[in-house]
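In: Please work out how this folds:
(chains A and B)
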Amino acid sequence: MKMSFEDDFVEDDEMNMIDEDVASDSEAESLSDSDSENEITEKLAEPTKTAVYNRDGLLDKLQDISWPEDVDWTHKLTIEQGQAVDVNDDLAREMAFYTQALEGTRQAFEKLQEMGLPFLRPADYYAEMVKSDTHMEKVKSKLLYEKKQMEEAEERRKARDNKKMAKEVQSQKMKERAKQKKDEIESVKKWRKQRQQRGAGELDLEFGNGKSFQRGGGKKRPGVSPGDRSGGKGKPTSRMNNKKREFRDSKFGHGGRKGLSKQNTAETTNDFKGGFRGGKAGGNKRQKR
Amino acid sequence: MGKKRKHSETESAAPPKKDDSAPERPKRTLLGWKDKTQDAEEPKPAPEFRNKEKVLVTCSRRISFRYRHLMLNIVSLLPHCKKDSKVEAKSSKGATLNELVELKGSSSCLFFECRKHKDLYMWMVKSPSGPSVKFLVNAVHTMEELKLTGNHLKGSRPLLTFSSNFDKDVHWKLLKEMLTQVFGIPKEHRKSKPYHDHVFAFSIVDDHIWFRNYQISVPHNEADKVARGGLDKMTLVEVGPRFCLNPIKIFGGSFGGPTLYENPFYVSPNQIRALEKRNKAGKFAKKIKAKTRKKMHEISNPLEPDEFADMWKDDE
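Out: Just a heads-up that it's a prediction; the model follows:
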């Protein structure tokens, strides 16, 4: 068997590597075809005319290398499947490969079950895997990360929606309250008018229930003053410091007095050894609150 | 296994030294030991066919990281392979590689050749006289990618699935046979593991061979027993690697020999790049041409004098 190899090994020009006479015009033709179409194709527009296709030779070789016909299927484990699919549609292509493999496995499984051979790995069979454990850890952490991202995005969206809803509800309530207030005032006015008309002596029972005069329609809540920004759940003491806070705010602006934290006061100038070292908690300085 | 065998020895039915009491010494062929009785007319019990396939996996120098990882992945997928050191690029490749293959006693070889740090060519060769195929490898995704989440036993025998258009033409049939022999792990190989938990999928789409490796995951209790509905719940998780082979040529000998098949649609990546450059190169010339054309056109068709051209000139 001749073991010759063409010069192609050194240069990269595949097309010249043919036994027969090469009309390199045909190459140029096909190239210029694609050129004139002005598109770059991974595949030539038309097959080169010089392509070799030695069917008999191929068949001979096939015979040579094939395993004998009666070889047990278990040696080969090949299954055939298939449908046509378009190459450029990635998702469809991958689905096609997936279904091919899936169907093939099903068939193989049935065959193996007939032959009574073990097929799947039992849960307690531990052996070396093709990817190391550390690698699988990385994979898992990435999957978890992605899942977390998605969940967070969901939550954010939900929070936004909830806020919108809450705002609407809030505005509704405000409107209702305003309306109620108006109604009550109206009713009082009416009552007064009626009273005047009828005379002073009559007890009027048309008042309606006394409760309606309470603000908020009688809802029981711990007293919330309008200036309180703690959301209604704050402790009472925090409101008592309000006065102090107000005084300080008015004097120093919000945030307190600045810039005096490192200044000496009368007491501390002569104070060499005493007091807290290096600490601001010593009370010798006006604390920034 | 270092002794070089002459071709005549393997091909002739060498008169086996036999003892009539002991079983006949089987004939040595490409793949293993075949009982001589197989050639006989009388139906004897089926002979022991042992798949003694051994694959040698090497690469050329100056191979880039991605392709090297691909090669390592393939080495880990095939326990019947032997990885060898890098091969010098410019030397007479065919002879060197053939010698190497024989030296290691392997029956086939996968050689990865990386050109210009960009293109990967894969040679799949059956030794010593078998056909060889040169592929261009595209679309490589190695097992290390985090999106390929499956895992399987190292060395477990895969199920090989081929798409049905492998039977449509002779060269596909030959390729299918070669792929089966190279990628199929021999049955009782030392390093093979018993269960079948992964599948290889070879499909021909657009005249390329696409390779995928999936892990089979089925909820089950014991090795054989799968619940009735279990088969339907079978899912495949991709393990990787992934690549796409574009057959360039099939030769009659190993790493050379007469060309049996040449892919008519193959364009080498160098030509593609050259085409792109040529297209780009024309841009400037085209621009100049367009400019001169515009000038000529303007000269030949002068515009009518515009009535309103001087309207704003008087206002200062």
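
In: Report the distance from whichever strand in chain B runs longest to the chain centre.
Out: Identified as the longest strand of chain B according to DSSP state E is strand B:242-253. For strand B:242-253, the separation from the chain centroid amounts to 6 Å (computed by C-alpha atoms, centre = their mean, to the nearest Å).

In: quick one: average confidence on that strand?
Out: Strand B:242-253 carries an average pLDDT of 89.

In: Could you do stretch B:141-152 as well?
Out: 88.

In: Residue B:102 and residue B:109 touch, don't they?
Out: No - assessed by C-beta atoms under 8 Å, residue B:102 is found out of contact with residue B:109, at 10.2 Å. To be clear about C-beta, it is placed using only N, CA and C from the backbone, and glycine gets the same treatment.

In: what sits in contact with each of these two?
Out: residue B:127 (C-beta atoms under 8 Å, 6 or more residues apart in numbering or on different chains).

In: More neighbours: these two, which one.
Out: Between residue B:102 and residue B:109, counted using other C-beta atoms under 10 Å in any protein chain shown, the more crowded position is residue B:109 (28 against 18).

In: Kindly format the C-alpha coordinates of stretch B:79-90 as PDB.
Out: Only the C-alpha atoms of stretch B:79-90 are listed here, as PDB (Å, rounded to 0.1, in the frame of the first residue of the first chain):
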ATOM      1  CA  PRO B  79     -10.600   5.000  28.400                       C
ATOM      2  CA  HIS B  80      -9.200   3.000  25.600                       C
ATOM      3  CA  CYS B  81      -7.100   5.800  24.400                       C
ATOM      4  CA  LYS B  82      -3.500   6.700  25.100                       C
ATOM      5  CA  LYS B  83      -2.400  10.300  25.200                       C
ATOM      6  CA  ASP B  84       0.900  11.100  23.700                       C
ATOM      7  CA  SER B  85       3.200  14.100  23.700                       C
ATOM      8  CA  LYS B  86       3.000  16.800  21.100                       C
ATOM      9  CA  VAL B  87       4.200  16.200  17.600                       C
ATOM     10  CA  GLU B  88       6.600  18.500  15.800                       C
ATOM     11  CA  ALA B  89       4.800  20.500  13.200                       C
ATOM     12  CA  LYS B  90       6.900  20.800  10.100                       C
END
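
In: And chain A, is the helix or strand following the longest strand of chain B touching that?
Out: Next helix or strand after strand B:242-253 toward the C-terminus (DSSP states H and E): strand B:256-262. Yes - contact between strand B:256-262 and chain A, assessed by C-beta under 8 Å from any C-beta of the partner chain, occurs at B:256-262.

In: a markdown table please, covering these and showing neighbour count and pLDDT.
Out: Putting the residues of strand B:256-262 next to chain A into a markdown table (neighbours: other C-beta atoms under 10 Å in any protein chain shown; pLDDT from 0 to 100) gives the following:
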| residue | neighbour count | pLDDT |
| --- | --- | --- |
| B:256 | 23 | 79 |
| B:257 | 23 | 83 |
| B:258 | 15 | 85 |
| B:259 | 21 | 85 |
| B:260 | 26 | 84 |
| B:261 | 26 | 84 |
| B:262 | 23 | 85 |
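
In: now, which of those sits nearest chain A?
Out: Distances from chain A to those, taken as C-beta to the nearest C-beta, are shortest for residue B:256 (3.2 Å).

In: The closest one reaches residue B:94, doesn't it?
Out: Yes - using C-beta under 8 Å, residue B:256 is in contact with residue B:94, at 4.5 Å.

In: Go through the longest helix along chain B and flag the buried ones.
Out: The longest helix of chain B (DSSP state H) is helix B:269-300. Under the neighbour-count criterion of 16 or more other C-beta atoms under 10 Å in any protein chain shown, helix B:269-300 has B:269-271, B:275 buried.

In: Can you list the low-confidence ranges for chain A?
Out: A:1-52, A:67-85, A:116-121, A:123, A:200-225, A:227-240, A:254-261, A:273-289 (pLDDT under 70).

In: which residues in it form strands?
Out: Using DSSP E, the strands of chain A run over A:78-81.

In: ok, longest helix in it?
Out: Ranked by number of residues, the top helix in chain A under DSSP H is helix A:133-198.

In: That helix packs against which elements?
Out: Helices and strands touching helix A:133-198, by 3 or more C-beta pairs under 8 Å, 6 or more residues apart in numbering or on different chains; DSSP states H and E: there are none.

In: related to what we said a few turns ago, could you pick out which of the buried residues of helix B:269-300 are near chain A?
Out: Within the set of the buried residues of helix B:269-300, contact with chain A (C-beta under 8 Å from any C-beta) is found for B:270-271, B:275.

In: Leaving out the residues flanking it, which one is nearest to residue B:112?
Out: Take residue B:112 and drop its neighbours on the chain: the residue closest to it by C-beta to C-beta, 6 or more residues apart in numbering or on different chains is residue B:59, 4.1 Å away.

In: Other residues contacting the helix or strand hosting that neighbour?
Out: Assignment of secondary structure by DSSP H and E places residue B:59 within strand B:55-59. Defining contact as C-beta under 8 Å, 6+ apart, one finds that strand B:55-59 is touched by B:67-68, B:71, B:74-75, B:78, B:80-87, B:97, B:100-101, B:104, B:106-114, B:182.

In: what about 6 Å?
Out: The contact list for strand B:55-59 (C-beta atoms under 6 Å, 6 or more residues apart in numbering or on different chains) reads B:71, B:75, B:78, B:81-84, B:86-87, B:101, B:104, B:106, B:108-112, B:182.

In: coming back round to it: Serialize the ones next to chain A among the buried residues of helix B:269-300 to JSON lines and add fields for pLDDT.
Out: Formatted as JSON lines, these follow (pLDDT from 0 to 100):
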{"residue": "B:270", "pLDDT": "90"}
{"residue": "B:271", "pLDDT": "90"}
{"residue": "B:275", "pLDDT": "89"}
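
In: Just give the number of residues close to residue 182.
Out: Just going to use chain A. By the measure other C-beta under 10 Å, the count of residues near residue A:182 is 10.

In: oops, I was thinking of chain B
Out: Other residues close to residue B:182 by other C-beta under 10 Å number 21.

In: Could you check how far it is from residue B:262?
Out: 21 Å (C-beta to C-beta, to the nearest Å).

In: Could you do residue A:194 as well?
Out: Distance from residue A:194 to residue B:262, by C-beta to C-beta: 110 Å.

In: Check residue A:152 too.
Out: Residue A:152 is 56 Å from residue B:262, where distance means C-beta to C-beta.

In: Quick check: buried residues in stretch A:179-192?
Out: By 16+ other C-beta under 10 Å, the buried positions in stretch A:179-192 come out as residue A:184.

In: Report the beta-bridge partner residues of the spatially most central residue of chain B.
Out: Nearest to the mean C-alpha position of chain B, counting by C-alpha atoms, centre = their mean, stands residue B:245 at 5.2 Å. Per DSSP bridges, the residues bridged to residue B:245 are residue B:137, residue B:209.
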